[in-house]
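Trainee: Provided below for reference: sequence and predicted model.
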Amino acid sequence: MKAEDTAQKWTAAINEVAIGATAAQGGTRASTVTIGGARSIPWLAYEGEVGRRPAIAIELWDNGAEGWPEQLRKEYGEVMQDPVAWAKRAIELKPDLLCLKLMGTHPDMGDRSADEAADTVKAVLDTMDLPLIVWGCGVDEKDNVVLPKCCEAAKGENCLFGAIEEKNYRTLVAACLADGHKLIADSPLDINIAKQLNILAHDVGYPLEDIVIFPQTSAVGYGSEYVYSILERGRLAGLGGDPLLQQPVVATVGLEAWRAKEAQAPDDALPGFGPVEQRGPLWETLTATNALQAGADLLIMRHPTAVRNVQEALDRLCARPAA
Amino acid sequence: MYVIGERINGMFKNVRRAIEESDKTVIQELAQAQVKAGADALDMNVGPAKADPNEAMLWLIDTVREVTDVPLAIDTPKWAVQQAAVPRVAGQGIINSCKADLDQLEKYMELAVANDVGLVALTIDQQGVPADVERRVELGAQIATKAMETGLPMERLFIDPIILPVNVAPQQPENVAAALQQLKLLSDPPPHLILGLSNVSQNCSNRSLINQTYLVMAMTAGLDAAIMDALDTDLMNAMITTELLQEKMIYCDAFLDAYRMRA
């Protein structure tokens, strides 16, 4: 009996979003990164093109990241005190781009001013030539002052700025429109809000094709199957033709993995879980590969070993069979 | 839901006048407004215009093509007009319509296949519109079988089980809904099921409300296409909401606007 061909045919594709600008494009980056483009559910190459190779960004903070677990602090050491030095160390790991998180502007974590933050953005851009993600501290009132300054400081570099939310989007949308940056739209575990936020940004003039969505990430063991089902619903709707769910997806892999106690608890606190030196990077690696299976297009990561592991996994996933 | 906008029809006085006076503006504005309102295709009917129907239809097509490339449904019972007009919309059109008599089906389907267009086939034969469910399904089966023979794919076949005005044929809305349920089981994939929706409320009061309510009933029974008034916002909203409730789209607070943003 002939087996039935169950391959689905999709009518639409996930958008391709390019981040960064070369000199020819009005920026100073050596190269740009393009994510998205899938015409199939994740990695089902027999249904359609799997799209661009997912990109890895290494995350750095502007305030020393005091709270990061020991395993991460050990890896980066002194450079964590200086975002420029940290950026230099990070690019040695050959990521596709960097993610500068402005936690130092948080009122309780340094309360750095908008001008200081903008100077940091400029300094990081000056010290390396990869595309850059800039992400605010998450306090709306502060982000609304800080991020427009940073957008202006990075004008022409086609950065990816995060993040707009359903209750706070107008300021950052306007700044990104004015200075030519891409946008992250944050919808906490709610596909309805992901769609709604895209339509809100669109209604104030921002192109749907320039948005990267952030429907949240979860570490292995902390609800990743729920996140998976949300990403899956979004991807199916996007491939089916819904322009409000055709945006590529960013995943905050490092943040979530290193929040898990399994990633950072000392060996005597978790007997049977193996040495923490391996456990942490593995937790981040598996959180990343899990996100890739769910359809993530851009991974924001922390530990050098995890970054290397995922780069190797992507080498294998994206290898084309010899003709 | 595949919406064929019905407003470019010589039955409407402004369209009739525009055709007679070769006034492109009225037609082009109607075309653009319907597409903006969510029409996936546009019906082209010259109506009882005095002009040569052949020439009038070609003028309509060319006029609308200047402003949109959505598929155009050539709405005329005249075979000669179909023959002249269909090549003009090859690959991007629908023949509207033919009856279920075998000789008619054959030549219309050949025309559809040759020009890579869709075909609306009515469950009517020489005996007229069936009064009951069974005859509608029988004729539907005859149409689908003929499509398979002539190589017209189901994705391009639209079977219309004919809705009559509720004031003169009160049992027909229920009969048509029952027929839709059976017609969608004819094949896998099934043919499209279509209605000329506004006919249900012809010469009735509260037309929009009757159209809305029957559209929801028919969609629930399996209707997936309609020739309808895309400019009736309440009607379109009822359709979009039915799709939402049938899980054909993902909810968001602005779901009505979201539907209209589809490519």
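Mentor: Thanks, I have it.
Trainee: where do the strands sit along the stretch 51-200 of chain B?
Mentor: B:72-75, B:93-98, B:118-122, B:157-160, B:192-196 (DSSP state E, counting those that start in this stretch).
Trainee: got the ones you listed as TSV, with distance to chain A columns?
Mentor: (Each C-beta comes from the backbone N, C-alpha and C, glycine too.) Shown next, in TSV, are these (distance: least, CB to the nearest CB, whole Å):
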stretch	distance to chain A
strand B:72-75	21
strand B:93-98	19
strand B:118-122	17
strand B:157-160	19
strand B:192-196	16
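Trainee: With mean pLDDT and distance to A:Trp283 added, can I get the ones you listed in TSV?
Mentor: TSV is the format used below for these (pLDDT from 0 to 100; distance: least, CB to CB, whole Å):
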stretch	mean pLDDT	distance to A:Trp283
strand B:72-75	98	58
strand B:93-98	97	56
strand B:118-122	98	54
strand B:157-160	98	54
strand B:192-196	98	51
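Trainee: can you put these in CSV and add mean neighbour count?
Mentor: Shown next, in CSV, are the strands of the stretch 51-200 of chain B (neighbours: other CB atoms under 10 Å in any protein chain shown):
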stretch, mean neighbour count
strand B:72-75, 27
strand B:93-98, 25
strand B:118-122, 26
strand B:157-160, 28
strand B:192-196, 24
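Trainee: Which of those sits closest to A:Lys167?
Mentor: For the strands of the stretch 51-200 of chain B, proximity to A:Lys167 was assessed by CB to CB; strand B:192-196 is nearest, at 42.1 Å.
Trainee: So what touches the closest one?
Mentor: The contact list for strand B:192-196 (CB atoms under 8 Å, 6 or more residues apart in numbering or on different chains) reads B:2, B:4, B:6, B:118, B:120, B:154-155, B:157-163, B:176, B:180, B:183-184, B:218, B:222-227.
Trainee: and if you look at stretch B:166-183?
Mentor: For stretch B:166-183, contacts defined as CB under 8 Å, 6+ apart pick out B:123, B:131-133, B:136-137, B:140, B:159, B:161-164, B:190-191, B:193, B:195, B:200-204, B:210, B:214, B:217-218, B:220-223.
Trainee: A:Asn158 - nearest residue in space that isn't next to it in sequence?
Mentor: Spatial nearest neighbour of A:Asn158, excluding adjacent residues (CB to CB, 6 or more residues apart in numbering or on different chains): A:Ala21 at 4.0 Å.
Trainee: how about the strands of chain A, start to end?
Mentor: Ranges of strands in chain A, per DSSP state E, are A:16-19, A:33-36, A:55-61, A:97-101, A:132-135, A:160-164, A:182-186, A:211-214, A:250-251, A:298-301.
Trainee: who does the fifth one touch, helix- and strand-wise?
Mentor: Looking back up the chat, that one is strand A:132-135. Counting contacts by 3 or more CB pairs under 8 Å, 6 or more residues apart in numbering or on different chains; DSSP states H and E, strand A:132-135 packs against strand A:97-101, helix A:114-127, strand A:160-164.
Trainee: Note down every partner strand of the first one and its orientation.
Mentor: Using DSSP bridges, the strands paired with strand A:97-101 in its sheet are strand A:55-61 (parallel), strand A:132-135 (parallel).
Trainee: Could you export these as a markdown table, including mean neighbour count and mean pLDDT?
Mentor: Below are the strands paired with strand A:97-101 laid out as a markdown table (neighbours: other CB atoms under 10 Å in any protein chain shown; pLDDT from 0 to 100):
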| stretch | mean neighbour count | mean pLDDT |
| --- | --- | --- |
| strand A:55-61 | 25 | 98 |
| strand A:132-135 | 26 | 98 |
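Trainee: Distance to B:Gln83 added to those, as TSV?
Mentor: Listed next are these as TSV, based on distance: least, CB to CB, whole Å:
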stretch	distance to B:Gln83
strand A:55-61	55
strand A:132-135	60
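Trainee: Could I get the pLDDT score of the closest residue to chain A within the stretch 1-150 of chain B?
Mentor: The minimum distance from the stretch 1-150 of chain B to chain A, using CB to the nearest CB, falls at B:Asp40 (11.5 Å). At B:Asp40, the model reports a pLDDT of 96.
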